[in-house]
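Asker: Prediction below, plus the sequence it came from.
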Amino acid sequence: MNKTARIAALMMLASPVMASLGACATTPVQDAALRPAVAAPPVIDLPPNPDTSLIGLYLAGNQASKDGRNEEAADYFARAADLVEDDGALYLREKAFVAAVTAGEIERAAQLAPTMGEGPAATQRLAKLVVAVDALAKGDSAPANAILQTDDIGQPYRSAALLLRPWAAVASGETDPLDAAHPDSSRSDRLNAAFTQLNRALVLEHLKKPAEAKEAFRTLIGGGVGMRMFNITYGEFLERQGERAEAIAVYDDLLKEQPDDRNALYARNRAASRQSAPPAFTLQQAAAQALLTAATAAMAQSAPETAQIYVQLALRLDPQRPEGLLLAGGFAEQIEDYDAARAYYAKVPVKSPEYLDARGRIALTYRLEDNLPKAVEVARESARMAPKDRNTEVNLADLLRTAKDYDGAVKVLTRVISARGHAPDWRLLYSRAVAYEQAGRWRDAEKDLIKALEIEPDQPDVLNYLGYSWADRGEHLDQAIEMLQKAVRAQPNSGAIIDSLGWAYFRKGDIPQAVELLERAAELSPSDPDINDHLGDAYAKTSGRRLEAVFQWERVLTLEADDALKAEVRAKLARERTPPKIAVAPIDPITP
């Protein structure tokens, strides 16, 4: 098992900030059915003496769009549209519109929006949604309501339009806006049904119907969807109704499952200390909430481009919304626009529970740019701001370890572990064990790994780390094999874990079994340099397979191996290629 694989697994396990990033930073799915459709480019007739800047603007717009610089793309396409007429202008305005939406320039997008009959149907639906949201943001509720009460906004934007309907109706003064919030009969999944129910509860609270709102919330919480936002939103509602004890109970239930949930801890402390309850959403904030729930559903349905559109529309209604800013920053990270990501994260309000999350993500962007000193600097500042925040401390420890300050990482993690008293988290012990091992303190690492397994005996990553480490040192080989077999049963398709088991058999001297397992590991993870190196070692011990051993070692040099491994492999190859010395018996002189 290579160290890169082990550290990657560790980061996801030990750092909630990273884990949360693992969900947010997924590569976008290019789903044509969900992407705003843009018609095929028509032939643009140039005027007799064409201004070559038309082609320049068009190409610059395409490149900016490809690079994720959507604000620039919108500008280029809009300027190009001014130079042509008819279908050419329509096509360019359409591209400018989509780019403006993606860039978050919603007011400008509303001005560029195609009208009925212009362009593909999906783009027309998006245009209606954009115009409605922009009108709500400006306080023009009547035109927004008129658009949303029709059924013109079909898929993929229908769910968002339905969630917005009651808020536009409330803003327009309708007496029974929930009549407009009929369910989307084309969508029957539990997540969309849950979001519809959440929307209903919030509308009922806004209509001063607390008993009905509470019943709607209880139905939602009892649905078993398990969304954190539902519990916290319900608790906030209870606080506003003066039911603090019940609100605390709701937060406690959440903390039983997620004891380090920063938002739940923040909410519980507020309620327990009898601070002012969070205010109810304004109409625009509630509409933004509806769009953010639609974005969450879109991401769950592998439609990230649609989700990105909803997030930008939500920020048009509520520009300081922390969840929206975090999501928008995540989308910017996907295209490696780290400056834009940091700009979003920097807007998260200091007093919000999400502020430290935003700081952690700022540090992550510097890490992704290989600017470790700056990443550590930001993480240290965050830790000084919140010295008792577990997630912030763990994030700092991760960065210190990446920067090879292993002793510093151990110091931070020891502080966090001590703060938990007699109930240590196995993930923290695992994290500290890795730092100990990298600092050359194996016996301390071994103690933490054994203790972690006492807490979580079946955890495959800990079983793998300890089993591999023992095997690599030639210690406790039978116990290591037993542990690694258990880990393989838990994750049968993990090339790294199967490699660890194969290496344990190699160290025990069972070469045929080692070859079989290591070949399987190489099939599962063909680009892992450590697995290829181990397989080469096993071939070298097998009669008649020396050439295959050389091939595997040479392959290691073509992969992303660290310098130490490459040096070891070059030494093996040099030994293999050095011809053996042949002892020659002395020749007796010929005597006449």
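Answerer: Thanks, I have the structure now. Numbering: from 1, shown residues only.

Asker: Which parts of the stretch 401-550 of the chain are helices?
Answerer: Chain-ordered helices for the stretch 401-550 of the chain, with DSSP state H, counting those that start in this stretch as the definition, fall at 406-419, 426-438, 442-455, 460-473, 477-490, 495-508, 511-524, 529-540, 546-556.

Asker: Please spell out which residues along the second one are buried.
Answerer: Within helix 426-438, the residues scored as buried using 16 or more other Cβ atoms under 10 Å are 426-438. Yep, even glycine has a C-beta here, placed from its N, CA and C like the rest.

Asker: Same check on the first one?
Answerer: Within helix 406-419, the residues scored as buried using 16+ other Cβ under 10 Å are 406, 408-410, 412-413, 416-417.

Asker: The fifth one too?
Answerer: When burial is assessed from 16+ other Cβ under 10 Å, helix 477-490 yields the following buried residues: 477, 480-481, 483-484, 486-488.

Asker: Save those residues as JSON lines, and put in distance to Tyr366 and pLDDT too.
Answerer: Compiled in JSON lines, the buried residues of helix 477-490 are given as follows (distance: Cβ to Cβ, whole Å; pLDDT from 0 to 100):
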{"residue": "Leu477", "distance to Tyr366": "42", "pLDDT": "97"}
{"residue": "Ala480", "distance to Tyr366": "38", "pLDDT": "97"}
{"residue": "Ile481", "distance to Tyr366": "42", "pLDDT": "97"}
{"residue": "Met483", "distance to Tyr366": "37", "pLDDT": "97"}
{"residue": "Leu484", "distance to Tyr366": "36", "pLDDT": "98"}
{"residue": "Lys486", "distance to Tyr366": "39", "pLDDT": "97"}
{"residue": "Ala487", "distance to Tyr366": "34", "pLDDT": "97"}
{"residue": "Val488", "distance to Tyr366": "37", "pLDDT": "97"}
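
Asker: Dump the residues you listed into JSON lines; add distance to Leu90 as well.
Answerer: As requested, the buried residues of helix 477-490 are exported to JSON lines (distance: Cβ to Cβ, whole Å):
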{"residue": "Leu477", "distance to Leu90": "72"}
{"residue": "Ala480", "distance to Leu90": "68"}
{"residue": "Ile481", "distance to Leu90": "68"}
{"residue": "Met483", "distance to Leu90": "65"}
{"residue": "Leu484", "distance to Leu90": "63"}
{"residue": "Lys486", "distance to Leu90": "63"}
{"residue": "Ala487", "distance to Leu90": "59"}
{"residue": "Val488", "distance to Leu90": "59"}
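
Asker: Let me know the closest of those to Lys208.
Answerer: Sorting the buried residues of helix 477-490 by how near they are to Lys208, with Cβ to Cβ, puts Ala487 at the top with 56.7 Å.

Asker: isn't that closest one right next to Ile498, touching?
Answerer: No: taking Cβ atoms under 8 Å as the contact criterion, Ala487 and Ile498 are not neighbours in contact, 9.2 Å apart.

Asker: Let me see the contact set for the nearest residue to Ala127 once chain neighbours are set aside.
Answerer: In this structure, Ala127 finds its nearest non-sequential neighbour in Ala113, 3.7 Å apart by Cβ to Cβ, 6 or more residues apart in numbering. For Ala113, the contact set (Cβ atoms under 8 Å, 6 or more residues apart in numbering) comprises 97, 127-128, 130-131.

Asker: Inside helices: which ones of those?
Answerer: In this view, the contacts of Ala113 that belong to helices under DSSP state H are 97, 127-128, 130-131.

Asker: and those residues, which two are the farthest apart?
Answerer: Phe97 and Lys128 (12.0 Å).

Asker: Quick check: pLDDT value at the residue nearest to Ala127.
Answerer: Per-residue confidence at Ala113 stands at 89 (pLDDT).

Asker: ok, now how distant is it from Gln149?
Answerer: Distance of Ala113 to Gln149, computed by Cβ to Cβ, to the nearest Å: 18 Å.

Asker: now do Glu174
Answerer: Distance from Glu174 to Gln149, counting by Cβ to Cβ: 9 Å.

Asker: if we can go back for a sec, which one of the buried residues of helix 426-438 sits closest to Pro319?
Answerer: Taking Cβ to Cβ as the measure, Arg427 is the one of those closest to Pro319, at 35.8 Å.

Asker: Tell me how many other residues crowd Ile455.
Answerer: The number of residues packed around Ile455, counting by other Cβ atoms under 10 Å, is 15.

Asker: What separation do you get for the residue nearest to it when sequence neighbours are not counted and Pro387?
Answerer: Leaving aside its sequence neighbours, Ile455 sits nearest to Trp426 (Cβ to Cβ, 6+ apart; 4.2 Å). Taking Cβ to Cβ as the measure, Trp426 and Pro387 are separated by 23 Å.

Asker: what residues are up against the closest residue to Gln491 other than its chain neighbours?
Answerer: Once flanking residues are discounted, Gln491 sits nearest to Pro460: 5.0 Å by Cβ to Cβ, 6+ apart. Under the criterion of Cβ under 8 Å, 6+ apart, the contact partners of Pro460 comprise 486-487, 490-491, 494, 497.

Asker: OK, contacts around the nearest residue to Met483 once chain neighbours are set aside?
Answerer: Closest residue in space to Met483, ignoring its immediate chain neighbours: Gly467 at 4.0 Å, by Cβ to Cβ, 6+ apart. With Cβ under 8 Å, 6+ apart as the criterion, the residues that contact Gly467 are 479-481, 483-484, 487, 500-501, 504.
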